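> Sequence and predicted structure, then a few things I'm wondering about:
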Amino acid sequence: MGRYIARRLLQLIPVFFGATFLIYGLVFLIPGDPVQRLFGERQPDPAQAARIAEEYNLDDPFIVQYLKYIGGIFTGDFGTTFSGRDVADILLERWPVTLQLALTAIVIEIIFGIGLGLIAGIKRGSIADRLILIATLVVVSIPVFVLGIVVQYVFGIKLGWFPATGITDGWPTSYILPATVIAALSLAYVARLTRTSLVENLRSDYVRTAVAKGLPRRRVIGVHAFRNSLIPVVTFIGADFGFLLAGAVVTEGIFNIPGIGNALFTAVQLGEAPTVVGITTFLVVLILLVNLLVDVLYGVLDPRIRYD
Amino acid sequence: MRRRTISIAVAGLGATALLASSCGGGSDPEGVFSVGISEPQFMLPSACNETGCAEVLDALYLGLIVYNPDTNAPELSSLAQSVESLDNITWTIVINEGHTFHDGTPVTSDTFINSWNYAAYGPNVQNNGYFFGPDGIYVKGYDDVSPAPRDDGTVPEPNATEMSGLAKVSDTEFTVTLEKPFSQFKTVLGYTAFFPMPDAAFNSDGSLVDEFEEAPIGNGPYMMDGVWDHNVQIRTVAYPEFAGDQPKNNGVRFKIYQSLDARWADLQSNELDVTDALPPSALNSATQILGDRYINQPSSSFQFLGFPTTDPDYEDVKVRRAISQAINRLEITDTIFSGTRVPSTAFVSPVVSGYREDTCGDSCEYDPEAAKKLWNEADPKPDTITITYNNDGGHKAWVDAACNQIAATLDVPCNGVPKPSFSSLLDDLDATRTNPDVSFGPFRLGWVMDYPSMQNFLSPLYSTTGSSNFYGYSNEQFDTLLSEGNSASDDESAIANYQAAEDILSGDFPVIPLWDANTTGGHSTNVTSVTIDAFDRIDKANVEVIG
């Protein structure tokens, strides 16, 4: 197990270089002069433009720029934005916000997704089951941004139960609406997945054995059927984490949450490579770590799965 | 096992929640109102060149010149006793005693001189440095502190750190000597770049103090309350020692928004008190929802179509006039922009003094028959018309509409060509300059003034060396009239020269004026007496908080 985890962690190193190189390259390829982008629709003063280009190594060939950037990272310098702020500061400022949002969303997804799936699975064919199936179908069919705007309008503006935008009211008040919007789609999938998986397992031989030897129903469902049913659900939630963060980008815009989404958007517009690379590389590493966690969780949920 | 996993997740959330709770609450203290802005790029007078920071700096600082809210004419602020010159070259500035920075130090002629030298010094890479150079007031000695780049694009080292044209007379008096006469000097002085910065902003070696931008110390009616909470908010309170008129409220909280849609959502739920911009999606419903709290008034934003002068297809002025007369401006401003833009009839914005209606004449009037006639007479002319625009500014709708009108009137194919950003549009335009076989055709442009003067439209847009003359228009007579206006002894003769220059534009017709954009905004039910000036800046000091 330990060796398995170590090997997986070592794989992060080539991924880090590959990701930074690719992303830096893509930012470099954005059409248009980066200095001109800074000045919008005006022409910068030529001396000023030359000085900015020099300060940010913009005239260097791509590979030199990249090596300077990577060299900086190893000395703890993540680069600076065009307004002179350390990219490290930006990462420390933005990532906690997005992570809070994503984690809140995951908790909502787990509690309500699995909960509803459990109810539907146990009472298969009942009215509750039908209602849950219909409701999840509706949620799956609505695009995230539509849901976001509707939820904001109803609960933020009309009813005023939650702040319509921003994070100034702190966690959890400010985060509940956006996190619910982000979680909604995955929640629907999780509910359906849990239901199907549970229904299948309830029909399996070992459950019948458990019932036959007289175990209470609670224990049959809770320990024998439910735990096994969680394996596909955990796989989904793990793989979904990256999607949650990506969904957060749209939702952050609607709810004015100062997370990575907006930082990434403006940095891409300006061609601010250090910021884009910093944010996305961390995203890549995070997704890899979450996938590792999911793989390890398999072993916990199902003792038959072994690592070597 | 399941229970444990969940409890770990919840514990993690709790920990992050503790971190976040230090941000504080969202409601405003008594007498404080909120203003929506975008995240400022720089919070320094010498570097701020966008509306977000301009709004905040306008609260934190006070310059020598303010603008009359009705006429936009320059007036002395409470800080300035006099700004005078006999020859438009040597200007004597006397400041009133009693004004202090928020750290208690007095505003003196030294603070002005140091701030301006800091802004102009090339190696400081300040965006507003050029205001002291040839495109601005052109202080004597500017070329020594910020030399122009060599032909290979590299920039020489400056051979001085201070402009020789700035000289201290006493603590309250200093002189500014210019390289050449400039009649618009006073008008320009109202711009953000000319605010004074305190000694506390600079280290002994003249560099900027680290983190000064996080909590700027100004000399204006409001001072910082805490530090800049990036992407969230900037809190200010009224500065009790302010020597000018005290604001009618206790402070302003600048709420930072990523999108106009989010601002609009907050305005509707009374979470935001004032905004000077609304999203396009709200324009239809804003009047109905806000009633008399809706603001729709002229701004200086002037929108037009430029033509690359290197393109032979558009060389004939009849081609440009025909296209102009084929566009039904009123229909577009009414239907697409819900009346938040006004068809333009001149080459400058109506908010500046010296503006005259209809300098564009018939050429800006929708007249399909005349357009078709001109088009038939024109030679050479393009086989197809393309209107290039940057796709990141919401221009698609009107470009397509204009193209449809042109195609229907002139019976020539017309389509819009989107480019990902304005800078990529310029790249492609440059590429066609070296390859004259490729026709680029008209492309969309806009201009927002830095200071309210005809000169701030004519010079950057139409002079040969203009900073936004992307189409290469050049007319010697125009340039001469412009520089005569700049050196005129009084405002009247300056304006007369500028107007004569504008008349040349009506003849040459280098660009197609389209419309002047309005400022659209609104305020909540918590505040009254909200006015916005032609720079999209809210008159914060006069806002009254009732809620």
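Sure thing, it's come through.
> and the nearest residue to B:Glu315 once chain neighbours are set aside, helix, strand or coil?
Leaving aside its sequence neighbours, B:Glu315 sits nearest to B:Pro380 (CB to CB, 6 or more residues apart in numbering or on different chains; 7.1 Å). In short, each C-beta sits where N, CA and C put it, glycine included. Put simply, B:Pro380 is coil when judged by DSSP: H, G, I helix; E, B strand; the rest coil.
> what's the burial count for B:Pro380?
Neighbours of B:Pro380 under the rule other CB atoms under 10 Å in any protein chain shown: 11.
> again, but for A:Phe28
Counted with other CB under 10 Å, A:Phe28 comes out at 16.
> Show the contacting residues for it.
By CB atoms under 8 Å, 6 or more residues apart in numbering or on different chains, the residues touching A:Phe28 are A:62, A:65, A:271, A:273.
> again, but for B:Gln455
B:184, B:482, B:485-486, B:494, B:498.
> Against B:Gly354, how distant is it?
Taking CB to CB, to the nearest Å as the measure, B:Gln455 falls 9 Å from B:Gly354.
> residues shared between the contacts of the two?
B:Tyr498.
> Please name the nearest non-neighbouring residue to A:Met87.
Let me fix one detail, which is that residue A:87 is Val and not Met. A:Phe78 (4.1 Å).
> count of residues packed around the one you found?
A:Phe78: 18 neighbours (other CB under 10 Å).
> Next: B:Met197.
Using other CB under 10 Å, B:Met197 is surrounded by 25 other residues.
> Please look at it and B:Pro45 and confirm they touch.
Yes. B:Met197 lies in contact with B:Pro45 (CB atoms under 8 Å); the separation is 6.3 Å.
> Common neighbours of those two, please.
Contact with both B:Met197 and B:Pro45 is made by residues B:Ser115, according to CB under 8 Å, 6+ apart.
> How about the contacts made by the closest residue to A:Ser204 other than its chain neighbours?
Once flanking residues are discounted, A:Ser204 sits nearest to A:Ala225: 7.9 Å by CB to CB, 6+ apart. Counting by CB under 8 Å, 6+ apart, A:Ala225 makes contact with A:198, A:201-202, A:204, A:207.
> among the residues you listed, which ones are buried?
Those of those that meet the buried threshold are A:198, A:201-202, A:207, by 16 or more other CB atoms under 10 Å in any protein chain shown.
> tell me which of the residues you listed is nearest to chain B?
Top of the list for closeness to chain B, among the buried ones among the contacts of A:Ala225 and by CB to the nearest CB, is A:Leu198 at 13.4 Å.
> what's the closest one sitting at in phi/psi?
The phi and psi values for A:Leu198, taken as degrees, to the nearest 10, are phi -70, psi -40.
> I figured it hits A:Ile119, correct?
No. In this structure, A:Leu198 is not within contact of A:Ile119 by CB under 8 Å, at 10.0 Å.
> For chain A, give me the ranges with low pLDDT.
Applying pLDDT under 70 to chain A flags residues A:307-308.
> related to what we said a few turns ago, can you select the buried ones among the contacts of A:Phe28 for me in ChimeraX?
The command below creates a ChimeraX selection of those among the contacts of A:Phe28 that count as buried (16+ other CB under 10 Å):
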select /A:65,271,273
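> List just the nearest of the contacts of A:Phe28 to B:Ser349.
When the contacts of A:Phe28 are compared for distance to B:Ser349 (CB to CB), A:Gly271 wins out at 30.9 Å.
> how about the closest one, what does it touch?
Contacts for A:Gly271 (CB under 8 Å, 6+ apart) come out as A:27-28, A:30, A:32, A:34, A:37.
> my read is the residue nearest to A:Ser204 is in a helix, agree?
Yes. Assigned with three-state DSSP, A:Ala225 falls within a helix.
> I'd like the contacts of B:Gln455 laid out as TSV, including secondary structure.
Conversion of the contacts of B:Gln455 to TSV gives the following (three-state DSSP):
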residue	secondary structure
B:Gln184	coil
B:Leu482	helix
B:Gly485	helix
B:Asn486	helix
B:Ala494	helix
B:Tyr498	helix
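> Spell out which residues of the stretch 401-547 of chain B are next to chain A.
Within the stretch 401-547 of chain B, the residues that sit near chain A (CB under 8 Å from any CB of the partner chain) are B:419-427, B:445-447, B:460, B:467-468, B:470.
> let's go with 6 Å and repeat that
Residues of the stretch 401-547 of chain B lying close to chain A by CB under 6 Å from any CB of the partner chain are B:421-424, B:426-427, B:467-468.
> Of those residues, just the buried ones, PyMOL syntax please.
One line in PyMOL is enough to select the buried ones among those; burial here means 16+ other CB under 10 Å:
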select buried, chain B and resi 421+422+423+424+426+467+468
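> Need the contact partners of stretch A:280-296.
Residues outside stretch A:280-296 that contact it (CB atoms under 6 Å, 6 or more residues apart in numbering or on different chains): A:8, A:19-20, A:23, A:234, A:238, A:241-242.
> out of those, who's nearest A:Ala263?
Distances from A:Ala263 to the contacts of stretch A:280-296, taken by CB to CB, are shortest for A:Ile23, at 14.2 Å.
> Show me which positions of the helix or strand that closest one falls within end up buried.
Counting by DSSP states H and E, the element that carries A:Ile23 is helix A:12-29. For helix A:12-29, a neighbour-count test (16+ other CB under 10 Å) marks A:16, A:19-21, A:23-24, A:27-28 as buried.
> hang on, the earlier thing: biggest separation within the contacts of A:Gly271, which pair?
Across those, the longest distance by CB to CB is 13.1 Å; it joins A:Phe28 and A:Arg37.
> Can you list phi and psi of B:Val417 for me?
Residue torsions, per degrees, to the nearest 10, at B:Val417 are phi -120, psi 110.
> ok, it to B:Pro382 distance?
According to CB to CB, B:Val417 stands 13 Å off from B:Pro382.
> Over to A:Arg85?
Distance from A:Arg85 to B:Pro382, by CB to CB: 47 Å.
> The two: which is more packed in?
Neighbour totals were compared for A:Arg85 and B:Pro382, and B:Pro382 leads with 19 against 16 (other CB under 10 Å).
> Contact residues of chain A facing chain B?
Residues of chain A lying near chain B (CB under 6 Å from any CB): A:31-33, A:36-37, A:41-43, A:45-47, A:50-51, A:83, A:93, A:100, A:103, A:107, A:152, A:157, A:164-165, A:168-171, A:253, A:256, A:258, A:262.
> Show the buried residues in those residues.
Using 16+ other CB under 10 Å as the burial test, the residues of chain A next to chain B include A:32-33, A:36-37, A:41-43, A:45, A:47, A:50-51, A:83, A:93, A:100, A:103, A:107, A:152, A:157, A:164-165, A:168-171, A:253, A:256, A:258, A:262 as buried.
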